[in-house]
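[1] what would the 3D arrangement of this be:
(one chain, ligands or ions: 3)
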Amino acid sequence: MQANQSRKTGVLLVNLGTPDSPEVPDVRKYLREFLMDERVIDIPFPNRWALVNLIIAPFRAPKSAKVYKELWEERGSPLKFYGEDIEKMLQAHLGDRYFVKLAMRYQNPGIPEGLAAFQKAGLSKIVVVPFFPQYASATTGSVYQKVMDVVSGWQTIPEITFTNTFFDHPKFVEHFATAARKYIAERPYDYFLFSYHGVPERQIRKGDVSGHTCQFGACCETLRADNRLCYRAQCFETTRLLARELGLKEGTYSTAFQSRLGKDPWIQPYTEDMVKKLAAEGKKNVLAFSPAFVADCLETTIEVGEEYKEVFEANGGSHWQLVESLNNSPLYVELLADLIHQRES
Ligand SMILES: C=CC1=C(C)c2cc3[nH]c(cc4nc(cc5[nH]c(cc1n2)c(C)c5CCC(=O)O)C(CCC(=O)O)=C4C)c(C)c3C=C
Ligand SMILES: [Fe+2]
Ligand SMILES: [Fe+2]
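    Numbers count the residues shown, from 1 in each chain. Ligands and ions are numbered 1, 2, ... in the order given. Modelled structure (predicted):
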């Protein structure tokens, strides 16, 4: 049994994480773990500790818990239950030469448990698959670091490979384009807004490793060798690929960034400003995309699907529709299998 098992490749699928329940103590625990990550709030430890424990966790947790209750379904948090579906579907797709496990960067099930299961099975190869289409230090970078931290304590470290981005994978583009066409067939849209999770500008600046000094402007509008690793440039590229696939005309679509936390500048334009501007310009029907997320979550369903819709309507817009994430689509399973096989060839 052990000999057969050890010939398998472990596949660790990792998403961001979500609270165990929408109750205040669990939401607080999640926010503490998430925001104490130095890749997420990259300020000196004492300042981060004070900000998270004295301000964000006490004051934000009750407000966030209310929103999580709205998001919660019978099966729990969509970010997690869609991950569980994908874990089963990918296991069936890849077959018994692979041992697929889902892990969350924060909360449960954790990365240490997933890796421990592979260690117990004596696996000699592991592929780690972060669920983030674009690379950010706060997401993919943090997953890489956590995996390396865990295995650094092992006597025998197996061969570990990491998949990276998939913002330009044809199946990723195909999913959002196919889902969007369904809505476009139902009514005419006069604008298409692509909203991505933001990050502080300083995190992009610190990540400039290939000679690209991001100016946070038009420099990100084309993807080149020098900016291929820039999160903002990767987001613009996702928009460009989707706009091309859908045949959108210049001037009818744009890229924006949501979820700013704190007062420091985050990458712009900010989605909320963009939504108000579109309404002020007289746009009536907007189709919104959230292509920085693979599963419905607080940031998509609530923030883009409900909060920005309210802002749009309050400022004169008439119809706002969010295009759903990959969730548990078979195409996502095929995409993941492609990423894994690429690492093995
Ligand atoms: C592209 C993915 C993400 C990046 C980059 C990211 C960066 C980032 N996020 C925060 C602060 C918060 N994020 C929150 C929720 C949240 N963030 C992501 C993804 C990215 N975050 C997801 C998928 C989710 C939703 C999880 C869910 O359970 O549905 C929250 C919590 C929101 C709330 O409580 O109201 C915070 C806070 C920072 C500071 C940051 C920095 C780079
Ligand atoms: Fe976030
Ligand atoms: Fe840039």
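
[2] how about the residues of the stretch 101-250 of the chain by ligand 1?
    Proximity of the stretch 101-250 of the chain to ligand 1, by Cβ under 6 Å from any ligand atom, involves residues 132, 136, 138, 139, 197, 199, 203. (Glycine included, C-beta is placed from N, CA and C.)

[3] any idea how far the fifth one lies from residue 169?
    When Cβ to Cβ, to the nearest Å is applied, the distance between residue 197 and residue 169 equals 19 Å.

[4] give me the number of residues near the residue in the stretch 201-345 of the chain that ligand 3 sits nearest to?
    Of all residues in the stretch 201-345 of the chain, residue 214 sits closest to ligand 3, at 3.3 Å by Cβ to the ion. By other Cβ atoms under 10 Å, the residues close to residue 214 number 18.

[5] please, which helix or strand holds it?
    Using DSSP states H and E, residue 214 is not contained in any helix or strand.

[6] who's more crowded, residue 197 and residue 169?
    residue 197 (25 against 18).

[7] let me see the contact set for that one.
    136, 257, 258, 259, 292, 293, 299 (Cβ atoms under 8 Å, 6 or more residues apart in numbering).

[8] could you tell me how many residues sit around the spatially closest residue to the first one that is not a sequence neighbour?
    Nearest non-adjacent residue to residue 136, counting by Cβ to Cβ, 6 or more residues apart in numbering: residue 231, 4.7 Å away. The number of residues packed near residue 231 is 30, by other Cβ under 10 Å.

[9] residues contacting the residue most central in space within the chain?
    By Cα atoms, centre = their mean, the chain has its centre lying nearest to residue 293, at 3.7 Å. With contacts defined as Cβ under 8 Å, 6+ apart, the neighbours of residue 293 are 197, 299, 300, 325.

[10] could you dump these to JSON lines with secondary structure and pLDDT?
    Compiled in JSON lines, the contacts of residue 293 are given as follows (DSSP: H, G, I helix; E, B strand; the rest coil; pLDDT from 0 to 100):
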{"residue": "197", "secondary structure": "strand", "pLDDT": "98"}
{"residue": "299", "secondary structure": "helix", "pLDDT": "97"}
{"residue": "300", "secondary structure": "helix", "pLDDT": "97"}
{"residue": "325", "secondary structure": "coil", "pLDDT": "97"}
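
[11] can you tell me which of those residues are buried?
    197, 299, 300, 325 (16 or more other Cβ atoms under 10 Å).

[12] quick one: the helices in the stretch 51-200 of the chain?
    61-71, 78-94, 111-120, 142-151, 170-186 (DSSP state H, counting those that start in this stretch).

[13] and the fourth one, C-alpha only, in CSV?
    Okay, so that is helix 142-151. Listed next in CSV are the C-alpha coordinates belonging to helix 142-151 (Å, rounded to 0.1, in the frame of the first residue of the first chain):
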residue,chain,number,x,y,z
SER,A,142,2.1,33.9,0.5
VAL,A,143,1.0,30.4,-0.5
TYR,A,144,4.5,29.7,-1.8
GLN,A,145,6.1,31.0,1.4
LYS,A,146,3.7,29.0,3.7
VAL,A,147,4.4,25.8,1.8
MET,A,148,8.2,26.3,2.0
ASP,A,149,7.9,27.2,5.7
VAL,A,150,6.1,24.0,6.4
VAL,A,151,8.4,21.6,4.5
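
[14] pull out the buried positions in that helix.
    Quick answer for helix 142-151 (16+ other Cβ under 10 Å): 142, 143, 144, 146, 147, 150, 151.

[15] domain map for the chain?
    2-165+330-344, 170-322 (automatic domain parsing).

[16] check whether the helix or strand where residue 277 lies contacts ligand 1.
    Applying DSSP H and E as the criterion places residue 277 in helix 271-280. No. Helix 271-280 is not in contact with ligand 1 by Cβ under 6 Å from any ligand atom; minimum separation 13.2 Å.

[17] what sits up against that helix?
    191, 193, 195, 254, 256-258, 286, 304, 308, 311-312, 315-317.

[18] separation between residue 154 and residue 160?
    Counting by Cβ to Cβ, the gap from residue 154 to residue 160 is 10 Å.

[19] who's more crowded, those two?
    More neighbours surround residue 160 than the other of residue 154 and residue 160, with 17 against 11 (other Cβ under 10 Å).

[20] dihedrals phi and psi, whichever residue of the stretch 1-150 of the chain sits closest to ligand 3?
    When scored by Cβ to the ion, the stretch 1-150 of the chain has residue 134 as its residue closest to ligand 3, at 12.2 Å. The phi and psi values for residue 134, taken as degrees, to the nearest 10, are phi -110, psi 150.

[21] touching, it and residue 235? I think so.
    Yes. The pair residue 134 / residue 235 is scored as a contact, 5.7 Å apart, by Cβ atoms under 8 Å.

[22] which residues are common contacts for the two?
    167, 196, 292.

[23] by neighbour count, which of those wins?
    residue 196 (29 neighbours).

[24] what residues does the protein put near ligand 3?
    214, 219, 220, 227, 230, 233 (Cβ under 5 Å from the ion).

[25] which of these ranks first by neighbour count?
    Counting by other Cβ under 10 Å, top hit in the residues of the chain next to ligand 3: residue 230 with 28 neighbours.
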